[in-house]
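Engineer: could you work out the structure for the sequence below:
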Amino acid sequence: MFSDPAQNVAAFGLTEGMRVADFGTGSGAYALPMAERVGSTGRVYAIDIQNELLSRLDKLAREHRRGNIEIIWGNVEKQGGSKIGNQIIDLVLIANTLFQSDAKSTLALEAKRILVPKGRVVIIDWQDSYGGLGPPAELVVKPEQAKKIFEQAGFKHQTDFPPGTHHYGMILNKE
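Structural biologist: Take a look at the predicted model:
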């Protein structure tokens, strides 16, 4: 089974009023259930570099009456590229994005920059290539590698969770 975004979001500990950034939001599979969890007083910043995916998400957000999703065209692989201010986000989600990044350390530092003190980053990514079902084998970022990248950026591993049979999930806190 692939990841179930709505089920996985339940593991994030989101509450009404939280501010969440979805790095590499794509079609918004996680943005929509996170928007529901943070409620009308919360905000989801859906960030991606692909305008066509952001347009699709914007349409879906309107259809689902999720006015708390803010669409941002940005490059999270650059410092300041998320276009979000310093220390205003409670949780950053990086789902199926780390394996695509050419600047993993910078991405981790961008997450740290926008997170409030003790804010959390959630990482969900492919465990393996699975014979081409997932990303090419040389792009897979193993859990130990992801943990090391984020610990070097100033995060502390909090817990792991099972997001689906082909993926790993972990939550780290900003120190």
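
Engineer: who are the contact partners of residue 78?
Structural biologist: Going by Cβ atoms under 8 Å, 6 or more residues apart in numbering, residue 78 touches 103, 106, 110. Using the backbone N, CA and C atoms, a C-beta is placed for each residue, glycine as well.

Engineer: try it again with 7 Å
Structural biologist: If you count contacts by Cβ atoms under 7 Å, 6 or more residues apart in numbering, residue 78 has them with residue 106.

Engineer: likewise the one 5 residues further on?
Structural biologist: In this structure, residue 83 makes contact with 72, 74, judged by Cβ under 7 Å, 6+ apart.

Engineer: centre of the chain versus the longest strand seen in the chain, how much separation?
Structural biologist: Counting by DSSP state E, the longest strand found in the chain is strand 115-126. Taking Cα atoms, centre = their mean, to the nearest Å, one finds the center of strand 115-126 at 7 Å from the center of the full chain.

Engineer: check which helix or strand covers the closest residue to residue 54 other than its chain neighbours.
Structural biologist: Nearest non-adjacent residue to residue 54, counting by Cβ to Cβ, 6 or more residues apart in numbering: residue 71, 5.0 Å away. Following DSSP states H and E, one finds residue 71 within strand 69-73.

Engineer: neighbouring strands for the helix or strand following that strand, and are they parallel or not?
Structural biologist: Beyond strand 69-73 on the C-terminal side, the first helix or strand identified by DSSP H and E is strand 89-95. Neighbouring strands of strand 89-95 in its sheet, by DSSP bridges, are strand 19-23 (parallel), strand 115-126 (parallel).

Engineer: deepest of the ones you listed, which one?
Structural biologist: Mean neighbour counts were compared across these using mean count of other Cβ atoms under 10 Å; the top stretch is strand 19-23, at a mean of 27.

Engineer: what angle do that strand and strand 69-73 make?
Structural biologist: Strand 19-23 runs at 40 degrees relative to strand 69-73, counting by axes from the mean of the first three to the mean of the last three Cα atoms, to 10 degrees.
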